[in-house]
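**Q** Let me see the structure of the following:
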Amino acid sequence: MRVAVIGGGPGGLYFAALAKQLSPSWEITVWERNAADDTFGFGVVFSDETLDGIAQADPEIFAAMSAEFARWSDVDVRYRGQVLTSGGHGFAALGRKRLLRILQERCAALQVDVRYRTQAPPAGQLAAEYDLVVASDGVRSATRAAYADTFTADLDERHCRYMWLATDKVFEAFTFIVAEGDFGTLQVHAYPFDATRSTFIVEMDEDAWRRAGFEEFADRDFPPGTSDDASIRRCEELLAGHLDGHRLIPNGSKWIRFTTVRNATWRHDNVVLLGDAAHTAHFSIGSGTKLAMEDALALAACLHEHPDVPAALAAYEAERKPVVESTQRAAQASLEWFENVGRYTGQETPQFAFNLLTRSRRVTYDNLRVRDRRFTDAVAGWHAAEGVGDAATPPMFRPSRLGGLRLRNRVVVPPTALYAAVDGVPGDFDLLHLSTQALGGSALVIAGMTAVSADGRATLGCPGLYTDEQEAAWRRITDFVRRQSDTCLGVQLTHAGRRAATSPPRADGTSVPLGEGEGEGESGWPLIAASPLAWDAASTTPREATREDMDTVVQDFVEAARRADRAGFDALQLQYGHGQLMSGFLSPLTNLRTDGYGGELAGRLRFPLEVLRAVRAVWPAGKALIVRISAADWAEGGIGEADVVEMCRALADGGADAIDVSTGEVVAHERPRYGRSYQTPYADLIRNATGIPTIAVGAISTYDDVNSIILAGRADLCAVGRAQLHDPLWTLHAAAAQNYTGPGAPWPAQWKAGSARQPGARTDRVPPRLHLLRTIDAPVHQRWLPRLAAATTAP
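**A** Model (predicted):
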């Protein structure tokens with residue numbers, strides 16, 4: 001094998017060393033355009049997981065690195081003149097230049113041919129002359145550009161400006177500094193990497209960066225290797241209180257924007273991407289060097305395990321890409337949190353610190369309790385002191401209010417479409433569903449997709465609240481539930497608009513118009529919508545709603561609300577999302593009207609606000625009125641964040657007690673980015689930008705996530721849907737798992753015997769002692785104190 005490596009950074013060198021060890025006969029050549037002692041950046045941080053891999057793969061490299069690590073376990077959050085510390089995290093760092101020297105020496109010992117100050121030949125030429133080309137040539141990879149049609153890179157340049165610096169102030173922990181000024185908010189990511197220096201990354205959103213005066217300093221071309229000295233001096237002025245007289249140290253430092261790199265594939269014939277050429281993840285969650293070295297290990301292993309290059313490269317990508325994508329999802333959440341850090345600067349210090357530490361969703365409430373219980377309990381105690389329960393109660397089981405309605409905990413069962421009604425009349429399955437969910441411990445159970453008129457039904461199986469028979473059937477259900485439980489009950493009211501008159505969803509999630517396919521033999525009805533746009537090519541085209549139509553719809557909602565009150569519901573939810581009639585008015589993709597009910601947001605809001613105000617006028621003040629929205633259309637040209645915030649302010653002014661924040665289902669060509677709690681950032685946006693109570697919904701399935709969302713202030717309530725279909729006693733089981741037995745999760749008396757955690761296989765086994773000497777657990781709080789360490793080891 002002849003192997004060409006483009007780029008002599010840590011990823012390229014580490015791959016060369018590992019591959020040479022596994023296959024000493026291979027000819028491996030590394031091209032590096034810089035000198036051996038040139039480097040950009042300062043410190044590199046590693047996780048324990050990555051270090052375990054290095055220790056197993058190359059003990060010599062690991063030993064050399066370990067001898068010079070700066071190690072600590074604390075994270076300091078500096079905010080509003082206070083420092084909050086969370087321990088138990090575990091970090092190891094060293095200088096990038098020292099890491100490169102270790103890898104260079106290892107390659108030399110293994111007789112890898114490393115050619116410094118040498119530009120690599122074009123990738124095409126190398127591909128013809130070598131069996132394998134490893135492109136480790138960075139975020140602006142020339143190799144990736146040469147095969148752009150194959151790799152199809154997605155380069156997402158973000159809004160914030162940041163500058164990579166060092167300082168001769170040795171921080172004792174990973175330190176997040178959030179400083180506020182008349183310009184806005186500035187944040188710093190800092191960590192030590194040796195006995196004399198720390199990495200110091202300054203980051204600001206574009207508007208704050210301009211207001212702070214940096215634009216005039218940065219508005220020129222800087223020759224390679226030079227730094228923006230004026231900006232650096234300005235940073236020293238703004239952060240003097242945190243630098244304590246120490247200086248900032250540049251190394252070709254200037255303001256740049258972070259680019260998230262994604263590629264459709266990482267390989268082209270015998271050419272493969274590694275490290276930043278293949279992917280990047282924001283520096284707030286970890287090190288690009290760490291990811292590159294993990295790539296190197298996986299690539300070397302796959303080449304050793306598979307019989308030929310194509311199979312090895314396919315295996316490498318199949319192994320690494322899911323890992324990287326998971327990291328990138330977490331990094332994206334972290335990146336967006338820091339882009340919008342000004343949204344959270346109204347939070348009190350304990351909540352702000354917890355919010356920051358859990359921003360990526362990889363660190364959670366339970367995870368932090370394991371790492372540093374004292375810190376997490378202190379935040380929980382602050383939350384309790386704000387009047388929301390006692391400190392021992394998990395956040396999800398603390399009481400809340402929606403308007404005049406008191407809720408015993410923070411868990412909601414969201415509306416579920418059951419398609420079990422006949423002529424709009426809910427039947428026995430609706431009764432079974434709602435009563436079972438009401439016994440499951442949640443604070444509020446909402447009946448789903450209830451039409452305000454016969455023509456407003458999405459399917460023939462949808463319930464309604466437009467006849468006396470339907471009202472009586474709902475009253476039968478609420479009376480039955482009331483006899484068994486004091487859980488609050490709600491109902492969602494909707495008019496399906498252009499999504500009306502279809503079959504229930506088929507196995508693939510799609511529906512067809514009545515009279516076609518599964519709906520054959522059933523007749524549909526004329527549809528109305530904001531504009532005459534069909535859902536998709538197979539759907540019925542609606543007509544544009546007239547003023548007369550809108551008046552009728554207003555009255556239908558009002559009458560349905562009155563019926564809901566008489567039927568015994570405690571909460572009313574208006575469906576203004578998911579492509580239904582009101583959603584069609586709100587989205588610029590589905591509202592093309594040229595009258596006063598279209599155009600800019602104010603026009604698109606006009607009719608939905610008419611409905612909301614009319615319903616608010618008849619809905620009792622002591623009962624909750626919720627509006628569900630789609631906060632993103634997941635399609636180009638859809639509603640933006642600024643409009644969503646303004647829309648929610650208008651809905652609150654119109655009488656909404658809370659916003660249930662969903663996304664999507666507005667247009668058929670949507671491209672949602674699914675993932676764990678993927679819609680929660682929108683609830684977070686609305687709550688923290690407006691102060692309006694929000695309900696987070698969407699792929700929330702663990703009590704740990706619910707506790708994290710509530711304690712971080714991302715939402716006031718969490719709607720847990722599919723998890724509670726899987727386990728209708730989900731909330732009670734969450735209480736048992738947390739050893740909570742308080743009023744926030746009452747078990748029915750008949751089931752009380754099953755309320756404790758149940759034993760499982762081998763839970764009764766008591767393990768013997770197998771160690772002569774007990775190991776001492778590492779302290780929760782470890783600081784990097786090189787001077788103290790030197791003093792204690794001196795002769």
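
**Q** Low-confidence ranges, the stretch 551-700 of the chain, go.
**A** Across the stretch 551-700 of the chain, nothing is flagged by pLDDT under 70.

**Q** In it, mark out all the strands, start to finish.
**A** 571-576, 624-630, 658-662, 694-697 (DSSP state E, counting those that start in this stretch).

**Q** I'd like to know which elements the last one is packed against.
**A** In other words, strand 694-697. Judged by 3 or more C-beta pairs under 8 Å, 6 or more residues apart in numbering; DSSP states H and E, strand 694-697 is in contact with strand 658-662, helix 680-690, strand 717-719. Bear in mind the C-beta positions are built from the backbone N, C-alpha and C, glycine included.

**Q** ok, then the element right after it?
**A** Counting by DSSP states H and E, the next helix or strand C-terminal to strand 694-697 is helix 703-712.

**Q** Next, the angle from that following helix to helix 680-690.
**A** If you take axes from the mean of the first three to the mean of the last three C-alpha atoms, to 10 degrees, helix 703-712 sits at 20 degrees to helix 680-690.

**Q** elements contacting helix 703-712?
**A** In terms of contacts (3+ C-beta pairs under 8 Å, 6+ apart), helix 703-712 is packed against helix 349-357, helix 365-371, helix 373-385, strand 717-719, helix 730-737.

**Q** that older thread, pipe the helices and strands packed on strand 694-697 into CSV and attach distance to Asp423 and mean neighbour count per row.
**A** Listed next are these as CSV, based on distance: least, C-beta to C-beta, whole Å; neighbours: other C-beta atoms under 10 Å:
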stretch, distance to Asp423, mean neighbour count
strand 658-662, 28, 28
helix 680-690, 36, 23
strand 717-719, 29, 28
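
**Q** on that earlier part again, of the helices and strands packed on helix 703-712, flag the one that's most buried.
**A** Most buried of the helices and strands packed on helix 703-712, by mean neighbour count (mean count of other C-beta atoms under 10 Å): strand 717-719, with a mean of 28.

**Q** Contacts for it next, please.
**A** Contact with strand 717-719 is made by 396, 400, 402, 407, 410-414, 443-444, 658, 660, 693-697, 700, 705-706, 709-710, as judged by C-beta atoms under 8 Å, 6 or more residues apart in numbering.

**Q** redo that, cut-off 6 Å
**A** Strand 717-719 is contacted by residues Arg410, Val412, Pro414, Ile695, Ala696, Val697, Ile700, Val706, Ile709 when judged by C-beta atoms under 6 Å, 6 or more residues apart in numbering.

**Q** so how far is the next helix or strand after that strand off the chain centroid?
**A** As assigned by DSSP H and E, the chain's next helix or strand after strand 717-719 is helix 722-726. Helix 722-726 sits 21 Å away from the centroid of its parent chain (C-alpha atoms, centre = their mean, to the nearest Å).

**Q** buried stuff in helix 722-726?
**A** For helix 722-726, burial by neighbour count (16 or more other C-beta atoms under 10 Å) applies to Ala723, Gln724.

**Q** Which stretches in the stretch 451-600 of the chain count as helices?
**A** Here the stretch 451-600 of the chain has its helices, by DSSP state H, counting those that start in this stretch, at 468-484, 547-566, 581-586.

**Q** CSV for the contacts of strand 717-719, including neighbour count and distance to Ala123?
**A** Formatted as CSV, those follow (neighbours: other C-beta atoms under 10 Å; distance: C-beta to C-beta, whole Å):
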residue, neighbour count, distance to Ala123
Arg410, 29, 54
Val412, 30, 54
Pro414, 25, 51
Ile695, 25, 51
Ala696, 30, 46
Val697, 25, 47
Ile700, 25, 45
Val706, 29, 49
Ile709, 27, 46
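
**Q** about what we covered before: let's have the helices and strands packed on strand 694-697 in CSV, adding distance to His246.
**A** CSV is the format used below for the helices and strands packed on strand 694-697 (distance: least, C-beta to C-beta, whole Å):
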stretch, distance to His246
strand 658-662, 44
helix 680-690, 34
strand 717-719, 44
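
**Q** To Phe15, which of those lies closest?
**A** The closest of those to Phe15 is helix 680-690. By C-beta to C-beta, the value is 35.9 Å.

**Q** which strand is the longest one in the chain?
**A** In the chain, taking DSSP state E as the definition, the longest strand is strand 153-167.

**Q** List the buried residues of the longest helix along the chain.
**A** As assigned by DSSP state H, the longest helix anywhere in the chain is helix 309-339. Within helix 309-339, the residues scored as buried using 16+ other C-beta under 10 Å are 309, 312-313, 315-317, 320-321, 324, 327-339.

**Q** Distance-wise, check the residue lying closest to Phe193 once chain neighbours are set aside relative to Glu129.
**A** Nearest residue to Phe193, sequence neighbours excluded (C-beta to C-beta, 6 or more residues apart in numbering): Gly43, at 2.8 Å. To Glu129, Gly43 is 37 Å away according to C-beta to C-beta, to the nearest Å.

**Q** quick one: which of the two has more around it?
**A** Set side by side, Gly43 and Glu129 show more neighbours around Gly43, with 24 against 11, by other C-beta atoms under 10 Å.

**Q** shouldn't that one be in contact with Ala93?
**A** Yes: at 4.8 Å, Gly43 counts as touching Ala93 under the criterion of C-beta atoms under 6 Å.

**Q** what touches both of the two?
**A** With C-beta under 6 Å, 6+ apart as the test, Gly43 and Ala93 both reach Phe193.

**Q** hmm, back to that, reformat the strands of the stretch 551-700 of the chain into CSV and put distance to Ala292 next to each item.
**A** Below are these laid out as CSV (distance: least, C-beta to C-beta, whole Å):
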stretch, distance to Ala292
strand 571-576, 46
strand 624-630, 39
strand 658-662, 37
strand 694-697, 35
